[in-house]
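**Q** Pasting a predicted model and its sequence here:
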Amino acid sequence: MMDAKIFFSQELLSWFHIHKRTLPWRQNRDPYRVWVSEIMLQQTRVDTVIPYYERFMARFPTVAALAAAPEEEVLKCWEGLGYYSRARNLQAGAQEVVERYGGVIPDDAEAVAGLKGIGPYTRGAVMSIAFNRAEPAVDGNVMRVLSRYFCLEDDIAKNKTRIQLEKLAVSLIPDGHAGDFNQALMELGALVCTPKSPGCLTCPVMEHCAGRLAGKELVLPIKTKAKPPREERRLAAIVEGSGSQTGKVLVRQRPASGLLARMWELPHVLDGAAGAESKPARGRKRTVRTNRPQEHTDALPEQEVLRMERLGLALAVESRLLARPLAHWMEAEHVFSHIIWKLDIYRCEFGFVLEEEERQRLEHSYEVTARGEMLASEAPSSYTLHRLDGEYPGPEDAGSWAYTGRASGLPDEALTAAAGIATGTWTEVEAEELQEERQQQLPEGYRWISREDMDELAFPNVFLRILNSYWEQQS
């Protein structure tokens, strides 16, 4: 009887040569092409990757081209694939290849392993596929195949199990066929030995599959469940421009490090009172008054009004951005490995940017809001436009901004476009001029964009979906 290991290697290679898929990164064994494909394929389906890969390689055909490109272009080309640190690390690794190795990826496992963003799996894939070195390339697909075929019941979530499987994988590699064998393992896991419904009857190695013979093909591999991601409720703003910015919306760039670094997004804030809102509502409704005629008398549930107030206050305190929420636009969700953003998006009207002194006047009110104490308030609350000589009468009469709302703890005199000066001390024309001037002073990292501007800026998937929905509705 043929040894199970020899049978596995021979039959798997024969099957691969007949059934392997035609994929763009298999056109040749260029190590750069292999490297890019393996980074893209991490946590992403093959069908999803193909168009991104082709576009990326057309734009950055060589290591040198990728190394020299502006990061914004790299992120834009990666936009939609998610896990954007992969793109940054890939470019950083390309820059290391240019600096250390003259732009040529070295045929050396330790050197490749030392590049930014390359772990044991990627090192093994590049070395075996590009250079035909007998290096293991053990990912989730491979661990599943080996666990089932050899009926291994060790927890594949543990690092020591991965190390054991890497040693096993090396022992299976036929001499001179490392690249094809590793790809065959990956292919079997992707097409036949799938997670939930393995196609055992079409499997080339089913005859000696110990897991199938033991009736454990649906149980293996053993993997400890990861801690579920926590949910985080966020409030986001589509801040619409007016005047010279009509037809545009306000976006901001994320910090240079951390989650989604340097990508663009809609302004959004953590809804600190989201947990408190799970309490039973009183059923009371309050009116939000705006300068939009069709919305002037809309009655909204109290919790919705409070969310709008918290969004406006948080943006003012965190970014000095004074924007009044007008109406709920949509809901959205963005899933990270450790967190899930639950987003409520609101259309907002831009007022102006607060001075630091004005921002500080709001900070105490914002802290009260974040603790959920607004829920206990019985005082009416509204967002209204005011003229400097009295309450704003309607949309046909231009006036200046005031940010009011007793339930939010703001002072009765409110904030006006006259930089907090008491009502009635400025003329309407002076107020309009000052407001226009203050509107030009955007917070750092903010900018106005049109639909066309999105062609040059990289957005996370969730904000792409929201903005595309918004632009379509406006067209």
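**A** Structure received.
**Q** For the helix or strand containing Arg233, name the packing helices and strands.
**A** Under the criterion DSSP states H and E, the helix or strand holding Arg233 is strand 230-240. Here strand 230-240 touches strand 249-253, strand 268-270, helix 302-319, strand 321-335, strand 339-353, helix 461-474, going by 3 or more Cβ pairs under 8 Å, 6 or more residues apart in numbering; DSSP states H and E. Placement of C-beta: from N, CA and C, glycine included.
**Q** Quick check: mean pLDDT of stretch 219-236?
**A** Averaged over stretch 219-236, pLDDT sits at 91.
**Q** Okay, buried residues for it please.
**A** Of the residues in stretch 219-236, 220-221, 223, 233-236 count as buried by neighbour count, 16 or more other Cβ atoms under 10 Å.
**Q** Quick check: end-to-end length of it?
**A** Using Cα to Cα, to the nearest Å, the end-to-end distance of stretch 219-236 comes out at 42 Å.
**Q** got the contact list for that stretch?
**A** Residues outside stretch 219-236 that contact it (Cβ atoms under 8 Å, 6 or more residues apart in numbering) are 143-144, 147-148, 151-158, 211, 266-271, 274, 307, 310-311, 314, 332, 335-346, 466.
**Q** and the nearest residue to Gln95 once chain neighbours are set aside, what does it touch?
**A** Counting by Cβ to Cβ, 6 or more residues apart in numbering, Gln95 lies nearest to Ala67, which is 4.4 Å off, once chain neighbours are set aside. Going by Cβ under 8 Å, 6+ apart, Ala67 touches 91, 94-95, 97-98, 103.
**Q** Comparing the helices and strands packed on strand 230-240, which comes out most buried?
**A** Most buried of those by mean neighbour count (mean count of other Cβ atoms under 10 Å) is helix 302-319; its value is a mean of 23.
**Q** same for that helix, what does it pack against?
**A** Helices and strands touching helix 302-319, by 3+ Cβ pairs under 8 Å, 6+ apart, are strand 230-240, strand 268-270, strand 285-287, strand 321-335, strand 339-353, helix 356-370.
**Q** weakest of these in terms of mean pLDDT?
**A** strand 285-287 (a mean of 35).
**Q** Any regions of this protein where pLDDT drops low?
**A** 1-2, 273-300, 358, 361-362, 364-440 (pLDDT under 70).
**Q** so Pro174 makes contact with Glu11?
**A** No: the pair Pro174 / Glu11 is not scored as a contact, 11.3 Å apart, by Cβ atoms under 8 Å.
**Q** For Pro51, which three-state class applies?
**A** What DSSP: H, G, I helix; E, B strand; the rest coil gives for Pro51 is helix.
**Q** Buried residues of stretch 94-107, list them for me.
**A** For stretch 94-107, the neighbour count (16+ other Cβ under 10 Å) marks 94-98, 105-106 as buried.
**Q** now do stretch 39-58
**A** Going by neighbour count (16+ other Cβ under 10 Å), the buried part of stretch 39-58 is 39-42, 46, 49, 52-53, 56-57.
**Q** Same check on stretch 235-247?
**A** 235-241, 245.
**Q** Let me have these in TSV, extended by distance to Phe181.
**A** Formatted as TSV, these follow (distance: Cβ to Cβ, whole Å):
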residue	distance to Phe181
Leu235	52
Ala236	48
Ala237	53
Ile238	52
Val239	55
Glu240	57
Gly241	58
Gln245	59
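**Q** Distance to Glu318 for the buried residues of stretch 39-58 - can I get that in TSV?
**A** Converted to TSV, the buried residues of stretch 39-58 look like this (distance: Cβ to Cβ, whole Å):
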residue	distance to Glu318
Ile39	34
Met40	35
Leu41	38
Gln42	33
Val46	41
Val49	37
Tyr52	34
Tyr53	38
Phe56	35
Met57	40
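**Q** Distance check, Leu250 against Leu354.
**A** As judged by Cβ to Cβ, to the nearest Å, Leu250 and Leu354 stand 15 Å apart.
**Q** would you list the helices and strands packed on helix 302-319 in TSV and tack on distance to Gly179?
**A** Output for those, formatted as TSV (distance: least, Cβ to Cβ, whole Å):
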stretch	distance to Gly179
strand 230-240	41
strand 268-270	45
strand 285-287	67
strand 321-335	34
strand 339-353	38
helix 356-370	56
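**Q** The ones you listed: which one's closest to Glu187?
**A** Closest approach to Glu187 among those (Cβ to Cβ): strand 321-335, 27.5 Å.
**Q** counting contacts, what elements does that closest one pack onto?
**A** So strand 321-335, by 3+ Cβ pairs under 8 Å, 6+ apart, packs with strand 230-240, helix 302-319, strand 339-353, helix 461-474.
**Q** Which stretches in the stretch 101-250 of the chain count as helices?
**A** 109-113, 120-131, 140-149, 159-172, 178-191, 210-213 (DSSP state H, counting those that start in this stretch).
**Q** out of the helices and strands packed on strand 230-240, which comes closest to Ser197?
**A** strand 321-335 (23.6 Å).
**Q** Can you list the strands that that closest one pairs with?
**A** Here strand 321-335 has these sheet partners by DSSP bridges: strand 339-353 (antiparallel).
**Q** quick one: contacts of stretch 54-64?
**A** Contacts with stretch 54-64, where a contact means Cβ under 8 Å, 6+ apart, come from 24, 32-33, 36, 40, 65-66, 69, 73-74, 77-78, 94, 97-98, 103-105.
**Q** Repeat that for stretch 113-133.
**A** 29-31, 34-35, 38-39, 42, 85-86, 89-90, 92-93, 96-97, 105, 107, 109, 112, 134-139, 162, 166, 173, 176-179, 181-183.
**Q** coming back round to it: please identify which of the helices and strands packed on strand 230-240 is closest to Asp455.
**A** Closest among the helices and strands packed on strand 230-240, once you apply Cβ to Cβ, is helix 461-474, at 11.9 Å.
**Q** okay, now His338: neighbour count?
**A** His338 has 11 neighbours, counted by other Cβ atoms under 10 Å.
**Q** Thanks again, I'm all set now.
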